[in-house]
Every structure is written in structure tokens, then in C-alpha cells.
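J.: Quick one, structure for this:
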Amino acid sequence: MCKMFDEWSDEIKKFCDDNGFSFEKALHLAQSWGTVRGCGRDVVVLQYFDPEKGKMGLRDETPMPVVLEIEKQENGLLQFVQTEHTQKYLA
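T.: Numbers count the residues shown, from 1 in each chain. Predicted structure coming up:
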């Protein structure tokens, strides 16, 4: 798990609970993280990985749909951005 997800886990759990999503499912999604160039905000992106697909590694290029974007705002609060895949993989 990434350090930012660990640090933000209480807030992510609250978001999941408040919106009818499974925090347990969020824990098991693929995590990408980094800092947005230009504004310096930290971001965590949760993605769904289908273990039945993508068995050829990089040669396969099977996309992993973005399920949830989490960005730390300048005021220190987290902003959660749902995608068209949020309901499907977190409900």
C-alpha cells in the first residue's frame, strides 16, 4: 500500500462509509500516487485490476479503469473524484 493511502485511510474510510462504498474493496484496488506538477498537490488514484486479463504484461496493454481519484487540496482537505467505474468496483 502507498504511504499516502495509509496516511489518508481514516478519511478514505469515512468517504466510503458516507457514500455506501466498501473500504475493504478500496484497500485491494491497485494504487498509483504522485504529486501534481505545477501545484504540488498529492494525489492517489485507485484502479481496478482484473487478474484474468493482462497476462502478457506490458505487451498486453490492458487498461486498468480508474475507480477513484483522491487529491489533497491546498487547505489540507481531501477531494474525492468519482468516475464511471466507482459504483461498479466499490459498491
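
J.: for the protein, where's the lowest mean pLDDT among helices and strands?
T.: In the chain, no helix or strand scores lower on mean pLDDT, DSSP states H and E than strand 30-35, which sits at a mean of 90.

J.: and the longest helix seen in the chain, what other elements does it pack with?
T.: Across the chain, the longest stretch assigned as helix under DSSP state H is helix 3-19. Here helix 3-19 touches helix 23-27, strand 30-35, strand 42-47, strand 66-72, strand 78-82, going by 3 or more C-beta pairs under 8 Å, 6 or more residues apart in numbering; DSSP states H and E. For the C-beta atoms, the positions are set from N, CA and C on the backbone; glycine is no exception.

J.: Against which helices or strands is the first one packed?
T.: Just to be clear, that refers to helix 23-27. Here helix 23-27 touches helix 3-19, helix 86-90, going by 3+ C-beta pairs under 8 Å, 6+ apart.

J.: Residues in a beta bridge with the spatially most central residue of the chain, which ones?
T.: Note on the chain: the residue nearest the mean C-alpha position is Leu46, at 2.0 Å, using C-alpha atoms, centre = their mean. Counting by DSSP bridges, Leu46 is bridged to Gln31, Leu68.

J.: where in this structure is pLDDT low?
T.: Within the chain, the segments meeting pLDDT under 70 span 1, 57-58, 61.

J.: cutoff 90 now
T.: Along the chain, segments meeting pLDDT under 90 span 1-4, 34-41, 49-64, 74.

J.: Gln73: neighbour count?
T.: Using other C-beta atoms under 10 Å, Gln73 has 11 other residues around it.

J.: got the contact list for the closest residue to it other than its chain neighbours?
T.: Nearest in space to Gln73, with sequence neighbours left out and distances taken as C-beta to C-beta, 6 or more residues apart in numbering, is Gln79 at 5.4 Å. By C-beta atoms under 8 Å, 6 or more residues apart in numbering, the contact set of Gln79 is 70-73.
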